[in-house]
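1. Just to be clear, the model below is a prediction. Sequence and coordinates:
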Amino acid sequence: MRITGIMAILGMSLLLLTSVATLVMAGVEPSPWQPQIKKLEAVTNHLMAIRSQLNSGSIRMGVEPAPWQPQVNHLNAIARQLGVLERRVDAVLGVVPADDPNVEQALSHVTNEALGVVSDAQALDEILPPECDAALNNVISGAQSLISLIAPTTVTKVADTSDFEVFENGFNSDAPGLGDWGVGDTGGSPGGPYTNQGRRGLVKFSLEGLGNIVSAQLQLTILQSRKDQYPAPGIIDDIPPFTNPGLGDTVVIHIADYETPSAAGYWAESIGNDPGVLIPAATDPLSVVSIDVTEAVKQAMELGASFVAFRIQTATVTDNDSLNDVWFFASANNDNPSYHPAIQVSYR
């Protein structure tokens with residue numbers, strides 16, 4: 001009777017591969033990816049059924065003289081089911097966008113149940129005899145593989161060493177790397193080559209090896225700020241929080257790959273999906289500042305670009321006082337690698 005009951009449950013579990021009730025997700029807005037979401041919901045339901053099997057009497061019954069082969073067979077069948085579910089999720093991931101909130105919610109349900117499968121199977125390790133270890137490990141491995149498939153890969157992309165600064169009149173665009181680049185305006189003697197000239201920084205990042213973008217965050221390190229400085233004493237601030245130069249918001253613009261540094265970079269047009277305000281006006285920031293650049297990176301990927309490029313600039317070009325008002329950001333050739341401009345990218 002015990003073996004007959006086990007085989008009946010096994011047959012029901014295998015039937016779930018082709019017949020699964022739809023999980024109702026209350027409160028979720030309609031999505032154009034509803035068919036794919038329903039497939040993910042079915043996977044979630046199947047994982048819930050697997051968890052029920054792992055916690056059922058057919059697996060947890062006490063040791064009897066009879067061999068444990070029925071339990072081993074049942075566990076191996078569950079492991080095979082997990083392999084099928086992984087392939088189904090992989091097929092869905094191949095067509096849906098990486099950041100659709102409805103899809104992400106459905107994926108989180110799958111992940112949570114797969115984590116539950118791992119936990120339940122690990123708990124069985126304390127109950128079942130050593131003869132079941134290999135089969136239990138197959139179940140755990142199958143669930144962990146499904147979790148890994150869904151979990152985004154996160155990498156750090158350090159800026160290309162071509163990052164540079166450029167003045168409004170083109171001055172300094174070909175200057176050798178000095179470990180930093182400036183954003184703001186520049187002071188000097190009246191009639192000087194860069195007095196009251198706007199000053200902007202350009203930086204780009206390789207997209208090689210990335211997949212479907214889930215998120216991306218640009219990170220820059222401030223080394224120094226100056227306000228109303230030179231030839232007047234003004235302020236030179238080397239310690240965070242840094243004094244804001246006072247030229248309005250400091251913003252990030254998404255531009256096409258500049259390929260090589262040139263004066264044209266100062267005027268390069270936005271190509272859309274500008275990240276926006278990096279440092280708000282009148283804010284005195286700490287050393288590290290960051291901003292979401294997900295949409296810009298996605299756009300660059302969709303265009304087949306090798307790099308995603310940004311220009312950092314102040315909303316006010318200059319206050320025309322012939323004094324330095326400027327941020328100095330660490331460049332990609334700074335002596336301290338931890339200061340280099342970078343984007344943190346998560347993708348599948």
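-> Structure's in. What do you need?
2. Please count neighbours and contacts with C-alpha atoms only from this point.
-> OK.
3. can you pull the contacts of E302?
-> Under the criterion of C-alpha atoms under 8 Å, 6 or more residues apart in numbering, E302 has no neighbours.
4. Where does the prediction get shaky in this protein?
-> Applying pLDDT under 70 to the chain flags residues 1-30, 57-58, 60-67, 174-176.
5. Spell out which residues make up each domain of it.
-> The record's domain parsing of the chain by automatic domain parsing lists 2-151, 156-347.
6. Comparing the ones you listed, which comes out most buried?
-> Each of the domains of the chain was scored by mean neighbour count; the highest is domain 156-347, a mean of 20, by mean count of other C-alpha atoms under 10 Å.
7. what about V183, which helix or strand?
-> V183 belongs to strand 180-185 when assigned by DSSP states H and E.
8. That should have said F242, apologies.
-> Element membership of F242, judged by DSSP H and E, is empty: it is in no helix or strand.
9. Quick check: closest non-adjacent residue to it.
-> D284 (5.2 Å; C-alpha to C-alpha, 6 or more residues apart in numbering).
10. Tell me if I'm right that that neighbour and I239 touch.
-> No. The pair D284 / I239 is not scored as a contact, 10.9 Å apart, by C-alpha atoms under 8 Å.
11. what ranges do the strands span in the stretch 101-250 of the chain?
-> Counting by DSSP state E, counting those that start in this stretch, the stretch 101-250 of the chain has strands at residues 153-158, 164-167, 180-185, 198-206, 213-229, 235-237, 250-255.
12. quick one: which of these is nearest A143?
-> strand 153-158 (17.7 Å; C-alpha to C-alpha).
13. Tell me the helices and strands packed up against the closest one.
-> Applying 3 or more C-alpha pairs under 8 Å, 6 or more residues apart in numbering; DSSP states H and E, one finds that strand 153-158 makes contact with strand 198-206, strand 342-347.
14. angle of the first one against strand 153-158?
-> Computed with axes from the mean of the first three to the mean of the last three C-alpha atoms, to 10 degrees, the direction of strand 198-206 lies at 140 degrees from that of strand 153-158.
15. and strand 198-206, which strands flank it?
-> Paired with strand 198-206 in the same sheet, following DSSP bridges, are strand 164-167 (antiparallel), strand 180-185 (antiparallel), strand 307-314 (antiparallel).
16. CA atoms only for it - export them in CSV, please.
-> Taking C-alpha atoms only, strand 198-206 is exported to CSV below (Å, rounded to 0.1, in the frame of the first residue of the first chain):
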residue,chain,number,x,y,z
GLY,A,198,32.4,76.4,-19.4
ARG,A,199,34.2,73.1,-18.5
ARG,A,200,32.8,69.6,-19.0
GLY,A,201,33.9,66.0,-18.5
LEU,A,202,33.3,63.1,-20.8
VAL,A,203,33.5,59.5,-20.0
LYS,A,204,32.6,56.2,-21.6
PHE,A,205,32.2,52.5,-20.7
SER,A,206,32.6,49.3,-22.7
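17. got the angle for it vs strand 250-255?
-> Angle, strand 198-206 to strand 250-255, by the same axes, to 10 degrees: 50 degrees.
18. where's strand 198-206 relative to the chain centroid, distance-wise?
-> Using C-alpha atoms, centre = their mean, to the nearest Å, the mean C-alpha position of strand 198-206 is found 22 Å from that of the whole chain.
19. which residues sit against that strand?
-> Strand 198-206 is contacted from outside by 157-160, 162-168, 181-186, 257, 265-266, 306-314, 317-318, 341-343, using C-alpha under 8 Å, 6+ apart.
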